[in-house]
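*Asks:* sequence first, predicted coordinates after that:
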Amino acid sequence: MKNTIFAIMALSIITSCQNKNETEKTMPFKNDITILENVISLSGKNLEYNYGDYIYQINFKSENKLHWKCLKGDEKGEEAVETYSMQRLNNHTFFISWIEENGLSVSQVINLKDKKVNSFLKIEKDIIPLLGTIRQL
């Protein structure tokens, strides 16, 4: 009886380890965006946000620092390094937020699977919603 129980426990452990390895495989998506099922941060990702009239390049330098540069729009050529906070909403969606030196507050939901970014800019008492697409650079 003890041998049977031990065999069942060993089989359960082996099966759960095999399933874990399957979820860690890379899943390819169109437009060169690759997502690991076990991603825990945006650190190291270099993305382009396209809002139509505005395009930004975002380099997530670390777990809490990003560099943005405006490539198209009224702010073209402007750039800054920001300290951001992040929450992972699921395997491919992140909520990030930061406050720029001039007081502009930025909040974003980044969906790497659907290649979408929903941004909300708070300027004084106004909130400006923006919807854009994401391309990995």
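*Replies:* Yes, it's here.
*Asks:* I would like the residues contacting the lengthiest strand in the chain, please.
*Replies:* Longest strand of the chain, by residue count under DSSP state E: strand 126-136. For strand 126-136, the external contacting residues (C-beta atoms under 8 Å, 6 or more residues apart in numbering) are 31-34, 45-52, 54, 110-112, 115-122. Any C-beta I mention is one placed from the backbone N, CA and C, and that applies to glycine too.
*Asks:* output it as PDB, nothing but the C-alphas.
*Replies:* Below are the C-alpha coordinates for strand 126-136, written out as PDB (Å, rounded to 0.1, in the frame of the first residue of the first chain):
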ATOM      1  CA  ASP A 126      -8.400  67.400 -17.500                       C
ATOM      2  CA  ILE A 127      -8.100  63.700 -18.300                       C
ATOM      3  CA  ILE A 128      -7.200  62.900 -21.900                       C
ATOM      4  CA  PRO A 129      -7.800  59.300 -23.100                       C
ATOM      5  CA  LEU A 130      -5.600  57.900 -25.900                       C
ATOM      6  CA  LEU A 131      -5.800  54.500 -27.700                       C
ATOM      7  CA  GLY A 132      -2.800  53.300 -29.600                       C
ATOM      8  CA  THR A 133      -1.100  50.300 -31.100                       C
ATOM      9  CA  ILE A 134       2.200  48.700 -29.900                       C
ATOM     10  CA  ARG A 135       5.100  47.500 -32.000                       C
ATOM     11  CA  GLN A 136       8.100  45.800 -30.400                       C
END
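*Asks:* buried sites along that strand?
*Replies:* 130, 132, 134, 135 (16 or more other C-beta atoms under 10 Å).
*Asks:* again with stretch 53-67
*Replies:* For stretch 53-67, by 16+ other C-beta under 10 Å, it's 54, 55, 56, 57, 58, 59, 60, 61, 66.
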